[in-house]
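Peer 1: predicted model and sequence follow; I will ask about them next.
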Amino acid sequence: MKKVLIATFLLATLHTIANPAPAAKQEFYSIRVYQLKDAGQEARVDQYLQSALLPALHRQGITEVGVYKPVGNDTAATRRIYVLIPLKSLEQYTSLAATLTKDARYLSDGKDYLDAPHDNPPYLRMESILLQAFPDMPHHAAPGSLPGTPSEKVYELRSYEGPTEKYFDNKVQMFNAGGEIPLFDRLGFHAVFYASVLAGSHMPNLMYMTSFENMASRDQHWKDFSADSVWKKLVAAPQYQHNVSHVDIVFLHPTAYSDL
């Protein structure tokens, strides 16, 4: 009996080695950036997102959609709203618009936005960015443990551009094989996603979002990050030099109706 159990265990082990568990499927993300001229347009887009788009996406099984506004948005010359839509596949992305047009409730709830006249549009311009999650964080995460109100929480959206495609690939490798993602995780940055931009206005680049209970917490986390011995060794490594040519940082608050 003992020999049979040992043989069974060995066969199971060999099967696992020969057939390793498949890697988690990497998500895709659609980021929409609405540019708005005034509080009136902001209110119209808010109404559309909260009452029409998010409920329609929820009905399609897309249950965690992030909606954010830049810190100081209400005093900015051009206001903005950021919408993060996690998607399971490129097919879901390409079929999204057609699926929405078949949703009668969406068409009704979003009528003011969808049927806006040319001389009274709900926004100035809308930018669309398509991304694919990094292999070492293939699925987004909801930082539900963060204390505080939406107006206190700070979500930091970063965009790192590379001087060439090769340098960009090197920076992506630095996050994954290089160990930058585990470092952020160990230091409690509450990452929402890390992803490569597949289509956008600033390429080649990657984007990622981290979250904090307030700005003071954000500043302390980055202070700890800069002082960490692992980061100092990683950033000094010869193979990871000159792989970022430009950085954009946006500080955001989640809206009261955001899922993430």
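Peer 2: That came through fine.
Peer 1: quick one: the strands in the protein?
Peer 2: 28-36, 66-70, 79-87, 125-133, 154-161, 193-199, 205-212, 246-254 (DSSP state E).
Peer 1: mean pLDDT and distance to residue 228 added to those, as JSON lines?
Peer 2: Any C-beta I mention is one placed from the backbone N, CA and C, and that applies to glycine too. Output for the strands of the chain, formatted as JSON lines (pLDDT from 0 to 100; distance: least, Cβ to Cβ, whole Å):
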{"stretch": "strand 28-36", "mean pLDDT": "98", "distance to residue 228": "27"}
{"stretch": "strand 66-70", "mean pLDDT": "98", "distance to residue 228": "27"}
{"stretch": "strand 79-87", "mean pLDDT": "98", "distance to residue 228": "28"}
{"stretch": "strand 125-133", "mean pLDDT": "98", "distance to residue 228": "24"}
{"stretch": "strand 154-161", "mean pLDDT": "98", "distance to residue 228": "17"}
{"stretch": "strand 193-199", "mean pLDDT": "98", "distance to residue 228": "18"}
{"stretch": "strand 205-212", "mean pLDDT": "98", "distance to residue 228": "15"}
{"stretch": "strand 246-254", "mean pLDDT": "97", "distance to residue 228": "19"}
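Peer 1: distance to residue 235 and mean neighbour count for those strands - can I get that in a markdown table?
Peer 2: Supplementary listing: those in a markdown table, determined by distance: least, Cβ to Cβ, whole Å; neighbours: other Cβ atoms under 10 Å:
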| stretch | distance to residue 235 | mean neighbour count |
| --- | --- | --- |
| strand 28-36 | 26 | 20 |
| strand 66-70 | 28 | 23 |
| strand 79-87 | 28 | 22 |
| strand 125-133 | 23 | 17 |
| strand 154-161 | 13 | 20 |
| strand 193-199 | 17 | 20 |
| strand 205-212 | 16 | 23 |
| strand 246-254 | 14 | 15 |
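Peer 1: any chance of those in a markdown table, plus distance to residue 108?
Peer 2: Output for the strands of the chain, formatted as a markdown table (distance: least, Cβ to Cβ, whole Å):
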| stretch | distance to residue 108 |
| --- | --- |
| strand 28-36 | 21 |
| strand 66-70 | 21 |
| strand 79-87 | 20 |
| strand 125-133 | 22 |
| strand 154-161 | 31 |
| strand 193-199 | 31 |
| strand 205-212 | 32 |
| strand 246-254 | 27 |
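Peer 1: name the nearest residue to residue 73, sequence neighbours excluded.
Peer 2: For residue 73, ignoring the flanking residues on the chain, the nearest one in space by Cβ to Cβ, 6 or more residues apart in numbering is residue 79 at 5.2 Å.
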